[in-house]
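# Have a look at this prediction, sequence included:
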Amino acid sequence: MQQIKGIIFDMDGLMIDTEKLLQRYWCQAANEFGYPMKKEHVLKIRSLSAKYAIPKLKEMLGEDFDYDKVRGRRLELMAEHVEKYGIEKKKGLDELLDYLREKKYKLAVATATDIDRTTAYLKAIGKLDFFQGIVCGGMLKNGKPEPDIYLRASETLELSPCQCMALEDSPNGILSAYRAGCIPVMIPDLDMPDTNTKALLYTCVKDLSEIIPLLDELAITAQP
């Protein structure tokens with residue numbers, strides 16, 4: 001393994017505790033329009049760009065599923081929640097980002113969320129200036145689970161994918177990072193990795209603070 005010089009972060013469910021909100025408000029929005037969306041349906045579209053989420057939702061909920069209308073209402077509900085309650089950081093984020101800055105790792109974000117909300121969320125938690133690059137699914141022809149977003153993020157850091165560790169909470173994100181040639185590490189959020197996802201992982205840890213000893217260990221191993 002090459003020496004790891006860059007860390008690429010997913011955002012929702014990885015840095016900020018928003019996946020539970022996305023799950024809640026996707027279901028509420030869909031139910032308001034008469035679609036029987038449940039939590040398990042939302043799990044299947046985590047990290048997916050619209051290109052892949054739309055056919056999957058139509059397959060699960062019917063060809064008449066109006067993605068744009070439901071997503072628009074979900075955005076309204078999310079915005080109301082964030083305005084009222086703010087955004088909750090995931091455990092270990094502060095500690096990890098301070099460590100990575102001290103050790104001079106290059107950092108990027110690779111998220112399916114659009115650039116305006118990504119920037120707003122990272123500003124809200126005071127972490128925007130930690131990252132040298134932000135790549136969102138809407139910037140690319142193919143979002144997660146295709147490798148494009150991680151290839152672009154590593155390019156932004158002027159590193160090869162094999163020099164980058166990818167931190168993800170979802171199977172679709174892990175698949176994207178694996179296909180790009182990054183080092184995929186999962187920090188589970190709403191569910192644990194299944195057998196297929198486990199086969200793609202370098203490792204799985206409980207929270208972001210556990211990335212620090214992992215990187216220390218890998219840095220020692222990489223020394224000549």
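That came in fine, so what should we check first?

# name the element Ala110 belongs to?
strand 106-111 (DSSP states H and E).

# Show me where the chain has its helices.
Residue ranges of the helices in the chain, as given by DSSP state H, are 19-32, 39-44, 50-61, 67-85, 93-102, 115-124, 148-156, 171-180, 195-198, 211-222.

# Looking at these, spot the one closest to Cys204.
Counting by Cβ to Cβ, Cys204 lies closest to helix 195-198 out of the helices of the chain; the figure is 7.4 Å. C-betas here are computed from N, CA, C, even on glycine.

# helices or strands up against the closest one?
Under the contact criterion of 3 or more Cβ pairs under 8 Å, 6 or more residues apart in numbering; DSSP states H and E, helix 195-198 touches helix 171-180.

# Which positions in the helix it packs on come out as buried?
For helix 171-180, burial by neighbour count (16 or more other Cβ atoms under 10 Å) applies to 171-180.

# so what's Thr221 up against?
Counting by Cβ atoms under 8 Å, 6 or more residues apart in numbering, Thr221 touches Met1.

# of all the helices of the chain, which lies closest to Ile4?
Across those, Ile4 has its closest neighbour in helix 211-222 (5.8 Å, Cβ to Cβ).

# buried stuff in that closest one?
Neighbour counts over helix 211-222 (16+ other Cβ under 10 Å) mark 211-212, 214-215 as buried.

# between that helix and helix 93-102, how big is the angle?
Angle, helix 211-222 to helix 93-102, by axes from the mean of the first three to the mean of the last three Cα atoms, to 10 degrees: 30 degrees.

# Can you report the mean pLDDT over the residues of helix 211-222?
Per-region confidence: helix 211-222 scores 88 on mean pLDDT.

# With just CA atoms, put that helix into CSV.
Only the C-alpha atoms of helix 211-222 are listed here, as CSV (Å, rounded to 0.1, in the frame of the first residue of the first chain):
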residue,chain,number,x,y,z
ILE,A,211,-9.4,6.8,12.2
ILE,A,212,-6.5,8.4,14.1
PRO,A,213,-4.8,5.2,15.4
LEU,A,214,-5.5,3.6,12.0
LEU,A,215,-3.6,6.3,10.2
ASP,A,216,-0.8,6.2,12.8
GLU,A,217,-0.4,2.5,12.2
LEU,A,218,-0.5,2.8,8.4
ALA,A,219,2.1,5.7,8.6
ILE,A,220,4.5,3.4,10.5
THR,A,221,3.9,0.5,8.1
ALA,A,222,4.6,2.8,5.1
